[in-house]
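S.K.: the following block contains a protein sequence and its predicted model.
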Amino acid sequence: MRPIRTFTVVPSLPPGLHFLREIAYNLFWAWDHEAIDLFRRLDRDLWEAVYHNPVRMLGSIEQSQLEEAAEDDAFVSHMKRVYGHLIDYTAAVTPTWYGKTYGGDSEPCAAYFSAEYAVTDCIPIYSGGLGVLAGDYLKSASDLGLPLVGVGLLYQKGYFRQYLNADGWQQELYPDNDFYNMAIEPEKHEDGTPVIITVEYPTGPVLAQVWRIQVGRVAMLMLDTNIEANSNPIDRDITDQLYIAGQEIRIRQEMMLGIGGVRALETLGIHPVVYHMNEGHSAFLALERICRLITEHGLSFSEAREVVSATNIFTTHTPVPAGIDVFPVQLI
């Protein structure tokens with residue numbers, strides 16, 4: 001059932017605590033122990049109840065607790081210390097390794113494509129090792145100051161959570177991800193309208209909204225097809241669930257990741273010189289890049305293929321047949 005109207009409720013932070021929102025919306029806190037201690041200090045039990053999600057925590061906590069924290073000089077001092085660290089970190093007041101070595105070019109020069117990212121447990125768009133690897137890439141790139149941008153799919157359900165029923169059997173639970181209660185924000189044009197890209201499928205055009213997750217200095221651009229502009233449920237379900245069964249929906253996901261990801265970067269004016277594919281899920285980006293070089297720059301197919309081959313990087317994470325997607329010829 002589609003909602004009649006959508007409301008976005010934001011916490012009413014006291015003036016003395018307005019830094020909390022900025023801290024919560026940068027996943028830098030996920031690997032900064034002092035930042036984690038700050039939110040735990042605000043309400044330890046609630047921190048656990050919201051699965052370590054500071055955005056949801058700020059929207060759930062009692063107003064009286066926020067007012068009390070604003071009057072607590074020790075808490076305010078702790079918050080300002082964390083915020084100062086975040087500002088110094090993201091602004092690179094202390095030159096990063098990349099900045100000291102190569103001059104600190106701020107233009108993202110490498111795009112990292114992955115089907116899943118495990119940056120923090122409160123944004124469950126991952127299943128295991130592949131996502132952990134991708135998340136660590138982004139964290140390390142942020143620490144080193146590397147000009148990198150991540151590209152992925154923003155799943156409505158993500159991956160399942162396990163639990164045991166009354167008989168002791170393992171069951172799966174697929175909780176919906178509430179993007180507005182996570183450290184995720186929609187990308188917008190200068191006029192305030194959301195950034196939306198289009199990918200042509202055999203069944204017609206599919207639209208995807210672009211969201212941003214900030215990981216320290218590195219941005220993750222995430223594509224979401226579960227929007228009103230897509231009237232066909234099949235199109236809306238492209239980003240419904242990570243590693244969903246069924247080859248047709250899987251290849252539709254990989255088309256959106258590869259082709260849609262390149263188009264999202266282009267729409268936002270980001271022009272990487274290197275494209276890194278974390279496994280083959282984003283392989284369609286190579287075809288999209290070849291098409292663009294032919295149509296926009298007049299290259300022949302052989303020339304375009306040579307350029308793309310020289311500027312693509314591929315990481316094999318699971319080098320066994322069971323870990324590789326194989327599609328029948330009619331789907332290709």
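M.R.: Yep, that arrived.
S.K.: beta partners for the closest residue to residue 154 other than its chain neighbours?
M.R.: Ranked by C-beta to C-beta, 6 or more residues apart in numbering and with sequence neighbours excluded, the top spatial neighbour of residue 154 is residue 222, at 3.7 Å. Any C-beta I mention is one placed from the backbone N, CA and C, and that applies to glycine too. Per DSSP bridges, the residues bridged to residue 222 are residue 152, residue 211.
S.K.: do you know how far residue 222 is from residue 212?
M.R.: 7 Å (C-beta to C-beta, to the nearest Å).
S.K.: residue 142 now?
M.R.: 14 Å.
S.K.: the more surrounded of the two?
M.R.: Set residue 142 next to residue 212 and count neighbours by other C-beta atoms under 10 Å: residue 142 wins out with 23 against 19.
S.K.: element containing the more buried one?
M.R.: Taking DSSP states H and E as the definition, residue 142 sits inside helix 129-144.
S.K.: point out where the stretch 51-200 of the chain drops to low pLDDT.
M.R.: 92-94, 104-108, 158 (pLDDT under 70).
S.K.: and the helices in it?
M.R.: 54-60, 63-70, 73-91, 97-102, 129-144 (DSSP state H, counting those that start in this stretch).
S.K.: adding distance to residue 109, write those helices out as CSV.
M.R.: Formatted as CSV, the helices of the stretch 51-200 of the chain follow (distance: least, C-beta to C-beta, whole Å):
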stretch, distance to residue 109
helix 54-60, 30
helix 63-70, 41
helix 73-91, 18
helix 97-102, 10
helix 129-144, 11
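S.K.: ok, which of those comes nearest residue 115?
M.R.: helix 129-144 (7.2 Å; C-beta to C-beta).
S.K.: who's in contact with that closest one?
M.R.: If you take C-beta atoms under 8 Å, 6 or more residues apart in numbering as the criterion, helix 129-144 is touched by 28, 31, 96-98, 112, 114-120, 125-126, 146, 148, 150, 152, 215-218, 220, 278-279, 315, 317-318.
S.K.: gap between stretch 266-277 and the chain center?
M.R.: Distance of stretch 266-277 from the chain centroid (C-alpha atoms, centre = their mean, to the nearest Å) equals 15 Å.
S.K.: the helices of the stretch 51-200 of the chain: which one's closest to residue 268?
M.R.: Of all the helices of the stretch 51-200 of the chain, helix 129-144 sits nearest to residue 268, with 17.2 Å by C-beta to C-beta.
S.K.: C-alpha coordinates for the closest one, PDB please?
M.R.: This file holds the C-alpha atoms of helix 129-144, laid out as PDB (Å, rounded to 0.1, in the frame of the first residue of the first chain):
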ATOM      1  CA  GLY A 129      32.900 -10.400   3.800                       C
ATOM      2  CA  LEU A 130      32.400  -8.600   0.500                       C
ATOM      3  CA  GLY A 131      30.600  -5.800   2.300                       C
ATOM      4  CA  VAL A 132      33.200  -5.600   5.100                       C
ATOM      5  CA  LEU A 133      35.900  -5.400   2.500                       C
ATOM      6  CA  ALA A 134      34.100  -2.600   0.700                       C
ATOM      7  CA  GLY A 135      33.400  -0.700   4.000                       C
ATOM      8  CA  ASP A 136      37.000  -1.000   5.000                       C
ATOM      9  CA  TYR A 137      38.100   0.400   1.600                       C
ATOM     10  CA  LEU A 138      36.000   3.500   2.200                       C
ATOM     11  CA  LYS A 139      37.200   4.000   5.800                       C
ATOM     12  CA  SER A 140      40.900   3.500   4.800                       C
ATOM     13  CA  ALA A 141      40.500   5.900   1.800                       C
ATOM     14  CA  SER A 142      39.000   8.400   4.100                       C
ATOM     15  CA  ASP A 143      41.800   8.100   6.600                       C
ATOM     16  CA  LEU A 144      44.400   8.400   3.900                       C
END
